[in-house]
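>>> task: produce atomic coordinates for the following.
(2 chains)
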Amino acid sequence: MTQDLTYFKNFGEQVEQRLNKLSQFEQPYPPRVKRQHTAAEAIKLFEVAEAKVTEESSESPVIEVEVAGRLVTMRVMGKSTFAHIEDGTGRIQIYARKNDLGNERYNELKKSIDLGDFIAVQGHLFRTRTGEISVHLVDFQLASKAIHPPPEKWHGLKDTEIRYRQRYLDLSVNPEVRDVFVKRSKIISATRQYLDERSFLEVETPTLQAIYGGALARPFTTHHNTLDMDLFLRISDELYLKRLIVGGFEKVYEICKDFRNEGISTKHNPEFTMMECYWAYADYQDMMRLTEEMIAYVAQTVNGTMIINYNGREIDLTPPWRRLNLAEGIKEHTGIDIFESYGDVDALWAACQAKSLKLSPQPSWGKLVDELLGEYLEPTIVNPTFIHTFPVDVSPLSKQSPDDPRMVERFEMFVAGMECGNAYSELNDPIIQRQRFLEQQAYGQADKEAHAMDDDYVLALMQGMPPTGGLGIGLDRIIMLLTDQKSIRDVILFPHMRPQA
RNA sequence: GAGCCGUUAGCUCAGUCGGUAGAGCAAUUGCCUUUUAAGCAAUGGGCCGUGGGUUCGAGCCCCACACGGCUCACCA
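Down below sits the predicted model:
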């Protein structure tokens, strides 16, 4: 070996010691090793055989197995050694004796195999004195050498920075973290299953968009070199999904990453997973029923119950969920009747000041109403609630309420003080839609998050879009609720981090 | 963007009043043939986040910066 190991030796004493051991192996990273059983399979085999044997005779069953995994504990006791190896199905104990392996192999196991290494073992199953099913070793091979020592076996890995930056360590050593991500996968599967069973068509729409839209947020910008044009990473896929409704698909959905160039917090990651679905001939009321049924279904499927425990509070997801009119809710919690100052941000601001409400100034009446919602309504909500009927000016893509043109048929879904979804009866009138975009341009002077003009989308609406209900759900937040995690970083495998110092 | 807290051995953490750096696990060397946080004995291992400052002397006090966490702000 003439490799330059200087880089690796800088990692310290323990890495250097492992490098020395590594050089003793002809094949520290063999192309393959024999593996016939997982840890769980081996244990099951023995339990089944044992049950048969005790019925028929009293002899212990003889079962040869070949298992492989990462060495996670090792107890060397002179001429015999106990250890545990771990694979994707769990742990199994191995037992090695000098008598069985011979001096050379036994010493190799003792001296050259380290915690963290992957090994393959062959032997027969037996039960130890303390009753643990174990593999009595006949032979073993190194499957892959770990030249960096693993984290501590008892306390695991706690340092949040290392846990997020080196998630593989977090996963390998903290089983409860593995559980969260297994459940995440099941939640997304269950969501798909729910929609697939109802004939929603899963589609894929562009991540790179020339005009960003479908939400009020700031985008990430990128550049296409050959076309020499700026493009945006999608902040939403809404406008593309609705083009598909125009095209005649009556139920579509997409589960994808959206990207928003905004603050990072325990509830916000710059890229996050969104589920959006659109349903022709449905309205926002139908979307409420769809939402509560879907979330309840997902909870029941992955947790076996519609009751969740989040942050120490019990929350019942059983439908139907509470419906709360936005204006009524604000009146109830602040005493302010938003309609008394309709459309007049200064008048509403004055009313709020008169009641000494703590609010930040907002560029428009609708935004101030939204601020009231965020400050005085949202934090009070524990059990799932649909807050519905929003101001027009913060809802440029929603259809107006027929009985009150100042408001739109829209709801947001809240659970545990957290906004988890947004839905409306889709605006399908191209003339009003273009007018709404123009109004957004006017707000845009004071508001960086105003919706951009999108004439190509208006062109789509000119072909006619049936009455349609649409829904967007922040899946990461649903996963937080169903796995009882307080930070979105704990449900995203590789959350965004600054470059290391 | 603001405030608060944190950063010490591979990991989990102590570190008193400012006086030459500690434990457990992990590692190395012995002993140990049914252990399971194995046990016993010995040993090695430190850019105390980085850079300045105060001081005879700084892990500790002061300033700046970096990274992380929480809260707030921003934000569906």
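>>> switch to C-alpha atoms for all contacts and neighbour counts from now on
Noted.
>>> for residue A:210, phi and psi?
As for residue A:210, its main-chain torsions (degrees, to the nearest 10) stand at phi -80, psi -40.
>>> can you pull the pLDDT of it?
With respect to pLDDT, residue A:210 scores 93.
>>> hang on, isn't it packed against residue A:232?
Yes: in this structure, residue A:210 is within contact of residue A:232 by C-alpha atoms under 8 Å, at 6.1 Å.
>>> so these two - more neighbours on which side?
residue A:232 (19 against 15; other C-alpha atoms under 10 Å).
>>> what does the helix or strand harbouring that one contact?
Taking DSSP states H and E as the definition, one finds residue A:232 inside strand A:229-233. Strand A:229-233 is contacted from outside by A:207-212, A:219-224, A:258-259, using C-alpha atoms under 8 Å, 6 or more residues apart in numbering.
>>> do the same with stretch A:238-249
Counting by C-alpha under 8 Å, 6+ apart, A:201, A:205-206, A:213-214, A:251-253, A:276-280, A:457, A:460-461, A:463-466 sit against stretch A:238-249.
>>> now do stretch A:94-113
A:21-22, A:24, A:76, A:79-85, A:134-139, A:142.
>>> quick check, residue A:397 in contact with residue A:433.
Yes: the pair residue A:397 and residue A:433 passes the contact test of C-alpha under 8 Å, sitting 7.0 Å apart.
>>> okay, and the common contacts of the two?
By C-alpha under 8 Å, 6+ apart, residue A:397 and residue A:433 have these common neighbours: residue A:427.
>>> of these two, who's got more company?
Neighbour tally, residue A:397 and residue A:433, criterion other C-alpha under 10 Å: the higher count belongs to residue A:397, 27 against 22.
>>> residues contacting that one?
Residue A:397 neighbours (C-alpha under 8 Å, 6+ apart): A:214, A:426-427, A:433, A:436.
>>> do residue A:263 as well
Residue A:263 neighbours (C-alpha under 8 Å, 6+ apart): A:269-270.
>>> SS state for it?
coil (DSSP: H, G, I helix; E, B strand; the rest coil).
>>> same check on residue A:226?
Recorded secondary structure, residue A:226: coil (three-state DSSP).
>>> residue A:279 is in contact with residue A:285, isn't it?
No: using C-alpha under 8 Å, residue A:279 is not in contact with residue A:285, being 11.9 Å away.
>>> rewinding a little: for PyMOL, write the selection for the buried entries among the contacts of stretch A:238-249.
Per 16 or more other C-alpha atoms under 10 Å, the buried members of these correspond to this PyMOL selection:
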select buried, chain A and resi 201+213+214+251+252+253+276+277+278+279+280+457+460+461+464+465+466
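>>> which of the contacts of stretch A:238-249 fall within helices?
Secondary structure from DSSP state H places A:457, A:460-461 of these in helices.
>>> now these as CSV including pLDDT?
CSV is the format used below for these (pLDDT from 0 to 100):
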residue, pLDDT
A:457, 96
A:460, 97
A:461, 98
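>>> out of the residues you listed, which comes closest to RNA strand B?
residue A:457 (18.8 Å; C-alpha to the nearest atom of the strand).
>>> what about the residue nearest to that closest one when sequence neighbours are not counted, how many residues nearby?
Using C-alpha to C-alpha, 6 or more residues apart in numbering and skipping residues adjacent in sequence, the residue nearest residue A:457 is residue A:239, 6.9 Å away. Residue A:239 has 19 neighbouring residues, counting by other C-alpha under 10 Å.
>>> would you list the phi and psi of residue A:239?
Per degrees, to the nearest 10, the backbone of residue A:239 is at phi -70, psi -30.
>>> confidence score at it?
97.
>>> how close does it get to RNA strand B?
When distance is defined by C-alpha to the nearest atom of the strand, to the nearest Å, residue A:239 is 14 Å away from RNA strand B.
>>> the helix or strand harbouring residue A:442 packs against which elements?
Assigned by DSSP H and E, residue A:442 belongs to helix A:430-444. When contacts are defined as 3 or more C-alpha pairs under 8 Å, 6 or more residues apart in numbering; DSSP states H and E, helix A:430-444 packs onto helix A:455-462.
>>> who are the packing partners of the next helix or strand after the helix it packs on?
Next in sequence after helix A:455-462, counting helices and strands by DSSP H and E, comes strand A:468-474. The elements that strand A:468-474 packs onto, with contact taken as 3+ C-alpha pairs under 8 Å, 6+ apart, are strand A:271-280, helix A:284-303, strand A:418-425.
>>> beyond strand A:468-474, next helix or strand please.
Next along from strand A:468-474, by DSSP H and E: helix A:475-483.
>>> against which helices or strands is that next one packed?
Where contact means 3+ C-alpha pairs under 8 Å, 6+ apart, helix A:475-483 is packed against helix A:175-197, strand A:271-280, strand A:307-310, strand A:418-425.
>>> how does it look with 10 Å?
Packing partners of helix A:475-483 (3 or more C-alpha pairs under 10 Å, 6 or more residues apart in numbering; DSSP states H and E): helix A:175-197, strand A:271-280, helix A:284-303, strand A:307-310, strand A:404-415, strand A:418-425.
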